[in-house]
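Engineer: what follows is a predicted structure for the sequence shown.
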Amino acid sequence: MPRKKCDAPSYRYHVSGQAVVTFDAKNYYLGTYDSPESKARYYALLNEYHANGMCIPEQRDSQPATITIRVVCAEYREYIKQRYAAAPKEIHRLNSLCSLLELEYGELPATEFGPRRLAEVREILVATGNCRTYVNRLVRCIRAIFRHAISRELCGVDVLVRLETLEPLRAGQTQAPESDPVRLVNLDDVRATAKFLSPMLSAMIRIQASTGMRPSELCSIRPAEIHERPDGVWMYRPAKHKTSHRGKSKAVPLVGDARLALEPFLIRAPDAFCFSPRESMAWYQAQKARTTPLNHGNSTGTNRKKDPKRQPGEKYNAGSYRQAITRAAKRAKVEHWFPYQLRHVAATEVRKALGVESAQALLGHSRADMTQHYAQVSEEKAIEAAYSAPSLAPRLESASG
């Protein structure tokens, strides 16, 4: 049987700073929490609820208090805790954006936030030194905040329609700097860097250069996710990847040098990560020469402080993998490079040899235009195409006649 309705739904605090009460699974915002106005609205709603037979009339507005930008941002902060639970950097980015909106327009009614105010926020983002493409991305995030507010019935669709009329920043038409294109890393620099890396990290850069995997995918390889096809080809099928939340699968072929590099690290539990910072740290410690005789002084490692926050983890992540490469490149005295450049190298070489469709398949892109962003067109291909282009020059025979 259905649960009995509550006679007096509770007056509660909302993360936005407002008071809220729920009738028939619908929230009613009352104004600033613990204020006389909000309590008056609560009692008025409660009287109306009882007078209408334990029900609120359908035509009753669910937001008697003005919905401000602060309320919209508070709702969005709660939403992204679940939506981006596996992406803490994205949560931090969106929370910072909400803080900016609250600082500038926190008490402004959400219905009054239009394209002109969005342009003002954009100018702040430009003034803080963000590049043009990143500013455009953050503006799209602001629109997403209001799109979520519409889904929560905090404002009308017309707010989003007005915000979408603001055109993105165009190259050459703004003071925002352009982002630097990703350069192709010199493979000789990669080889020089590998000499200062542990065997595990050296294997990781070999695998990434051969497969074009994202750093996060590379760091998460487990033996259980390596499958052998009937023809003997190894396929890495990660359970979680960048587009897994969209229901898309990912399969990375491990052949040639990638397979040879990975094979020694598969001898472990099926669910264990193949690449462990603890193992790399143990290797680095073993390489350090001990000058004190073994029968003198402390044994190796006994005088090291055991700070739990600084102990190596069970797996590398994109940040620790990049940091290890940065330090090794500095010791090798080569130009600074980062793991994503290996992905660009793989994409460029495959596209040059087999075309953009093959590069798209290797990188796991859904759209070819994303692959175009990664795989740079080689000058050799451009020169070859130029020789094949038609010519309008007059023929020699006609000129001599």
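Structural biologist: Arrived safely, thanks for sending. Numbering: from 1, shown residues only.
Engineer: only C-alpha atoms from now on, for both contacts and neighbour counts.
Structural biologist: Will do.
Engineer: thought E178 was touching G129?
Structural biologist: No. The pair E178 and G129 does not pass the contact test of CA atoms under 8 Å, sitting 10.4 Å apart.
Engineer: just for this structure, where's the confidence low?
Structural biologist: In the predicted model, the chain carries pLDDT under 70 at residues 1-5, 36-37, 40, 57-65, 241-249, 289-310, 349-401.
Engineer: any idea how far M204 is from R83?
Structural biologist: Summarising the geometry, the distance separating R83 from M204, computed by CA to CA, to the nearest Å, is 30 Å.
Engineer: more neighbours: which of those two?
Structural biologist: Neighbours around R83 and M204, counted as other CA atoms under 10 Å, are more numerous at M204. The numbers are 23 against 12.
Engineer: mind giving me the packing neighbours of whichever helix or strand that one is part of?
Structural biologist: Element membership for M204 (DSSP states H and E) is helix 199-211. Helices and strands in packing contact with helix 199-211 are listed as helix 215-219, strand 252-254, helix 257-262, helix 277-287, helix 340-354; criterion 3 or more CA pairs under 8 Å, 6 or more residues apart in numbering; DSSP states H and E.
Engineer: ok, 10 Å please
Structural biologist: The helices and strands touching helix 199-211, judged by 3 or more CA pairs under 10 Å, 6 or more residues apart in numbering; DSSP states H and E, are helix 187-194, helix 215-219, strand 252-254, helix 257-262, helix 277-287, helix 318-332, helix 340-354.
Engineer: reformat the ones you listed as TSV; add mean neighbour count and distance to Y28.
Structural biologist: Putting the helices and strands packed on helix 199-211 into TSV (neighbours: other CA atoms under 10 Å; distance: least, CA to CA, whole Å) gives the following:
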stretch	mean neighbour count	distance to Y28
helix 187-194	18	60
helix 215-219	20	42
strand 252-254	19	50
helix 257-262	18	57
helix 277-287	14	51
helix 318-332	17	43
helix 340-354	21	48
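Engineer: which one, of the ones you listed, ends up nearest to I226?
Structural biologist: Nearest of the helices and strands packed on helix 199-211 to I226, taken as CA to CA: strand 252-254 at 8.9 Å.
Engineer: what's the closest one in contact with?
Structural biologist: Applying CA atoms under 10 Å, 6 or more residues apart in numbering, the external contacts of strand 252-254 come out as 207, 210-213, 217, 226-228, 233-238, 259-262, 361-364.
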